[in-house]
Each structure stands twice: as C-alpha cells, then as structure tokens.
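Asker: could you work out the structure for the sequence below:
(one chain, ligands or ions: 1)
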Amino acid sequence: MLRSVARAAITSTNVFSNADDHVMETFQSAPRAVRHDTRIVSMLAAAIALAVFLIDALTPLDIAIAVLYVVVVLLIASTGNRAATVTVAWGCVILTLIGFILSHDENVSGGALARCAVSLLAIGTTAILSLRIQATTTKTQEQLELLNLAHDAIVAHDMNERITFWNRGAEALYGYPAQEAIGQPIHRMTQSNSPVPHAQIRAELLRSGRWDGEITRVRHDGGEIVIASRAALLRDAKGVPCAVLATSNDITQRKRMEAELQRQRDALKRSEAFLLDAQRLSLTGSIATRLPAGTMWWSDEAYRIFDYPRDTTPSIEAILARAHPDDIAIVRGAHEAALEGACEIDVEHRLLLPDGSVKHVHFVAHRASSESDGDGDEYVGALMDVTETKLAQEALARSTAELAHVTRVTMLGELAASIAHEVTQPLAAIVTSGDAGLRWLNRAQPEIAEAQQSIAQMIRDAKRASEVIARIRAMARKRDSQPATLDVNEIAGETIELVRRELARHRVDVRTDLAMPPPTVRCDRVQLQQVLINLMMNAAQAMSGVDGPRVLRVATCESESDPGYTQIAVQDSGTGISEDNARRLFDAFFTTKAEGMGMGLSICRSIIEAHGGRIWAESPDEGGARLCFVLPANEGENDEH
Ligand code: ADP
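Answerer: Next up, the predicted model:
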C-alpha cells in the first residue's frame, strides 16, 4: 500500500512538475494562496474567452480562432475545480456556436463548418482530458494525505538525492518544513552519517532494491538523532531507477539506552572479573544457599577450595563429603542453625581432601532474604581458605612457646640465688630436725614421742623442698600450655616467695592486697607465674635506682572495667614509664636496660592474650608504674588439687 501510494506521490510529483514545478509546494502550502491564484487564473481565462469571442464573432477571419477556447478550458482546469471546468467547457462550446452563427449567414461554406467542428472537438477533447487529469490529481492528493497521517518520517528523493517528497512525519523528525526541504540534497541537508558508506548503501539499493540500517542525522535545530531507516528503490516503466523512498523513525533514545545498558554490562563484566581475581587472590569463595530447598550456588573459588570439578552440583552433601571426619558435626551444626533461621553463621572447620591433605576453612554467612520473599531464606556466605594463616598461627604459637621457655630458663638463672635460698632453707631445717630427733633417741631414756615430732617436721620440710624443686623444674621444663582453674592469691603468694631474695636484695618492701574469697582464673600455672615473676622483677629493677621507700604492691580483685574478669596489678614506686615508652612497652625487643632483652613484656602479653585476657601499663598519681592484667574469671573449683 505504502509503496503504491508513494509511487503515486512520486509519479504525481513528476506530473505536477511537468505541468507546474510548484504544484507539490502548492499542495503543502496554505489554501489562501490557492484561492488567490484561482482568482487570477479565472480572470485571465475570462479575458481570453472574451477576446476569442470578439475576434471570432466580429472579424471575418477564415481561421479556426475558436480553437483558442482550449486555453480557457486548460486555465480553469488548472485550478482543479471540476464543476467550473465542465461549466467553462460548455460555455466555450456555446460561445463557439454563437460566434459561428453571428459571423456566418445562410451561405455557410463547407470549410467554415469544418473549422467550427474542429474547434468544438478541440474544446471537448481538452475538457475531457483535463477532467481525467483532475480525477487523477484528486486521488493522488488523497493518497498523499494518507502519507501525511503516518507517524514515521517518509521521504522520497530522486537519483540525484534531491528531496521530492517530505511528509509531516519528516517535518516533525528533522524540523525542516516541506517547503524548505523539497529540492534539497537529503544527505547534505541532514548531514547523514552512517557506519556504512553512502556509496555502499546506493550500490545495495541498486542491487537488491532495498536497504535498511541506522543513520545519524542532524536536525534543523542542530540536535543529533539516530534513525532506523528502511529505503526502497523505485524504477520507472522502463525499469530505470528513478527515486528512493525511505521511511525512518527516531531511535536516539533507544540507542542511548542500549549504550547505557552496554556500558553497565561492561562495567558488570569488569567487576565480575575483579571479583573473580579478588576471590582467587584472597582464597575466598562465595556460597549462596536457598533454604529450605537447599539449592546452592558456588563461585569458581569455592569449587577450587572444595577441590570439586566445575560440573559438580553444589549441595550440603557435597560439603559434608569434604568435611574432616572430626569436624562433620561443626558443618552439620551450621547447616541446622541456618535451617532454623539463624541470622549469622560463623564457623571454622577442616576439610579432608581426596589426596589426603587437610585444609582449614572459615565460613561466614548471613541471611540475605526473609520468608516474606515467599521463596524461603537465602544465605550468602564467604568461604575462606585459612590454611596458610592457621599454619602460620600454629608456627607462631610454637615460636612464642619456645621463646617463653627460653626466657623462663633465663629468668631462672637470674633467680638462682632466690631458688637456692628457697631450697636450702627447708634442707637446713631438715638437718636441724634430724639432729634434734637423734638427740631425743640417744637419751638414756629415749623420748619416742619427741623423736616422732622431729621426724614429722623433717617430712614436712622435705615436702616443702621437693615442692619448690618441682615448681622450678616445671618452670624449666619445655611443655605445652595446660590451662587449669587457679587461685590467683595462691599463685601470687608463691611467686612472691620465689623472688623474695631478689626483692630483698633491692631492699623492696612487699605489700599484698588480695581479694577474698580468692578469685580464680583459667590459665596455665607456669605461664601465669612467668608473667608475675616478670612484672615483679621489672618492678624491682625499676626501683633499684630510686632513693626513698621502695614498695611493691601486688593486688588481686574482680575487674571493674572488664566484668567477669579477674584483675591482677603489680605496682612499684620506681622510675615510672614515660609517655613515649608506654607506647612501645609491649613491643618485642623494646628495652631501656643495658643488659635487657626486651622480650619480657612482649611474652607476658602473648601469654595473657592467649588466655583471653589483656595487659596494660598505668602511671599512678603517686608515681612509679602499675602493670595490670585481666584474665577471664573462673567460678569453678581450683582443679589442681
Ligand atoms: P627487659 O626487662 O628485658 O627490658 P621487658 O619487656 O620486660 O624487657 O621490659 C621492657 C621495658 O619496659 C624495660 O626495659 C623498661 O624500660 C620498661 N619497664 C617494664 N616494667 C617497668 C616498670 N615497672 N617501671 C618502669 N619501666 C618498666
């Protein structure tokens, strides 16, 4: 339909351009101009008709002057008024006959009759042809109106690319009125730009008769638009290409959205690649689980961590199959917690892979959607391969234990005098009791009861000595941490005894402020003692250079700052700790002593933190230093005895 209408448009354009170059413009222009033209043409036609009648009726010319009435008919026909054309044609016939009667008497020659008949025939033929052309023109105009109703821009141009038709859709799309566009070279006027060269489009049109594609054009107002254009080649009756008809619509907005979508898809691909890289580098996989259905999704890295081929269907069963036999309960527990709707999942467990290797993993997940979604809960989680970290942590713990042991042995060396005193004292007491016992037995009348008392005293002292030795041996022994519930008052007392000689050497006065009932903590006995010895020895050394009273206070209490923790404080009246040193006090190798190693406080901190506590230094108003630490309080019985 469109094609036939367009062909009509183009053919009619040609017809019009033969008759009148501006008929198309007239069609598109305002009706008032048409009325104005019609009046002039009618007046001209009337003048010609009058002139022809006067010459025909009043002059004795022997020529068919009435033939000129055809000019009158053509002029009226050109106004497009069908009724007027018919009326004028009949009028001209009547005028011809009147002119003939007036200019001839009864002796009419055969030639005059023939001239009259020729004139009438010419007028009749002209009128009929004009009416036919009018009918065709009316039909074409109606069809052109149809093209104007279309929303698409419909443009026709000749083979020189000059615009021959420009519908209202084209006016709206490009902003050029038809009067301005017609006759202009389409591509130059709209600054056409296409990824396909014009020559190629033309070649394709000539080859296949059609082309469609995207073209960028510039509107009258300078705005750039992208159009989807469908062009068809029209050929004349002889098959020679005569015009191109193109329908176009604006796809600028769609292209913009496509470009934006494309940009986002890039961006998305890039961030996906980043994520994959990040997952690979950080050994972190993603796991999404929909519950209760149990459908799962694993990222590439998750597959790598579980050591499953990519075509394995992710499932809790697959995870359980990889879980270390000793940790299956942990994995099951986490899954059950998720099934029960837990908000957060945070578990560490091991995997036992088919090659026998063990991996440590840390899995954290949170509930991302709720029941209201209608599809159950979705858990989104990260699975981190923490094997390296675990191994490093274990190695660090081993090194720390070694170091703690070495420093303990070193410390024992420093305490040699104290220890010797601790041991020799009960030994001397045993000797004294032995002597006494012998004396009681060697009497003429042996005093058995007294001798028994001396022997009991000897046993007590021997026990005391062996306890001291056992403690010293424990300190010297290399062993794993054995946390137990300890009475901190008792440990503090024992430690003070152990370093008493050292304190005495520095003329330090010891005062204790021990909480009652005795607080308990969960800690390794030897390590807790090591911490206390360290703090007391540091305190003694800090006071060795100061004049005035040298007081060491050891206090135990329930922590006020950390509820549920027991606090132990070792305070001295020594040099105190400068603000600068306070920051580095617990750093390894920080020492202000010529012979110092700088490991004491650093080891104290690792021991305390390994038992879930914390240690810090304070500068009391009265001077000196106060080293405090807290350990989780343990309500249980002292389980050492
Ligand atoms: P070292 O005793 O080998 O120097 P430490 O780690 O035990 O190693 O102590 C580090 C430093 O902290 C000491 O050199 C000292 O400067 C400071 N320090 C520790 N305890 C006290 C204290 N009670 N008073 C003042 N300074 C202290």
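Asker: next SSE after the lengthiest helix in the chain?
Answerer: Scanning the chain for the helix with the most residues, using DSSP state H, yields helix 110-149. Moving toward the C-terminus from helix 110-149, the next helix or strand (DSSP states H and E) is strand 153-158.
Asker: and the angle from that next one to helix 110-149?
Answerer: Counting by axes from the mean of the first three to the mean of the last three C-alpha atoms, to 10 degrees, strand 153-158 lies at 140 degrees to helix 110-149.
Asker: about what we covered before: chain center to the longest helix of the chain, what's the gap?
Answerer: 75 Å (C-alpha atoms, centre = their mean, to the nearest Å).
Asker: and for stretch 272-290?
Answerer: 14 Å.
Asker: give me the contact list for it.
Answerer: Residues outside stretch 272-290 that contact it (C-beta atoms under 8 Å, 6 or more residues apart in numbering): 295-305, 314, 316, 338, 363, 365, 368, 375-385, 388. The C-beta positions use only the backbone N, C-alpha and C, and glycine is treated the same way.
Asker: so which bits of the stretch 451-600 of the chain are right by the ligand?
Answerer: 534, 538-539, 542, 572, 574-575, 577, 581, 585, 590-593, 596-600 (C-beta under 6 Å from any ligand atom).
Asker: pick out the residue nearest the middle of the protein.
Answerer: Geometric centre of the chain, nearest residue: S271, 6.7 Å, by C-alpha atoms, centre = their mean.
Asker: secondary structure element holding that one?
Answerer: helix 252-282.
Asker: cool, and G545?
Answerer: Going by DSSP H and E, G545 is not in any helix or strand.
Asker: next, the contact list for it, please.
Answerer: Here G545 is in contact with G574, T575 (C-beta under 8 Å, 6+ apart).
Asker: where do the strands sit along the stretch 251-400 of the chain?
Answerer: With strands called from DSSP state E, counting those that start in this stretch, the stretch 251-400 of the chain shows them at 284-291, 295-298, 344-352, 358-369, 377-385.
Asker: report pLDDT for T136.
Answerer: Note for T136: predicted pLDDT of 85.
Asker: if you could redo that for A114, that was the one I meant.
Answerer: 88.
Asker: does the residue of the chain positioned farthest from its centre sit in a helix, a strand or a coil?
Answerer: Most distant from the centre of the chain: N107, at 109.3 Å, with distances by C-alpha atoms, centre = their mean. Put simply, N107 is coil when judged by DSSP: H, G, I helix; E, B strand; the rest coil.
Asker: is it true that V244 touches R235?
Answerer: No. Using C-beta atoms under 8 Å, V244 is not in contact with R235; the gap is 10.8 Å.
Asker: more neighbours: which of those two?
Answerer: V244 (24 against 13; other C-beta atoms under 10 Å).
Asker: strands paired with the helix or strand containing the more buried one, and their directions?
Answerer: Applying DSSP H and E as the criterion places V244 in strand 241-250. Partners of strand 241-250 in the sheet, by DSSP bridges, are strand 153-158 (antiparallel), strand 224-235 (antiparallel).
Asker: pull the residues that contact the first one.
Answerer: In other words, strand 153-158. For strand 153-158, contacts defined as C-beta under 8 Å, 6+ apart pick out 2, 6, 9-10, 13, 147, 163-167, 169-170, 172-174, 186, 227, 234, 242-249.
Asker: give me the distance from that strand to the chain's centre.
Answerer: The answer for strand 153-158 is 47 Å, by C-alpha atoms, centre = their mean.
Asker: going forward, count from 41.
Answerer: All right, first residue 41 from here; so that's strand 193-198.
Asker: list the buried ones in stretch 565-580?
Answerer: Neighbour-count burial for stretch 565-580, counted by 16 or more other C-beta atoms under 10 Å, picks out 565-580.
Asker: just the CA trace of that stretch, in PDB.
Answerer: Provided in PDB are the C-alpha atoms of stretch 565-580 (Å, rounded to 0.1, in the frame of the first residue of the first chain):
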ATOM      1  CA  ARG A 565      50.100 -22.200  86.100                       C
ATOM      2  CA  VAL A 566      53.700 -22.000  84.900                       C
ATOM      3  CA  GLN A 567      52.800 -19.300  82.400                       C
ATOM      4  CA  LEU A 568      50.900 -17.200  84.900                       C
ATOM      5  CA  GLN A 569      53.800 -17.500  87.300                       C
ATOM      6  CA  GLN A 570      56.200 -16.400  84.500                       C
ATOM      7  CA  VAL A 571      54.100 -13.300  83.900                       C
ATOM      8  CA  LEU A 572      54.100 -12.400  87.600                       C
ATOM      9  CA  ILE A 573      57.800 -13.100  88.000                       C
ATOM     10  CA  ASN A 574      58.500 -10.800  85.000                       C
ATOM     11  CA  LEU A 575      56.400  -8.000  86.400                       C
ATOM     12  CA  MET A 576      57.900  -8.300  89.900                       C
ATOM     13  CA  MET A 577      61.400  -8.400  88.600                       C
ATOM     14  CA  ASN A 578      60.800  -5.400  86.300                       C
ATOM     15  CA  ALA A 579      59.300  -3.500  89.300                       C
ATOM     16  CA  ALA A 580      62.300  -4.400  91.500                       C
END
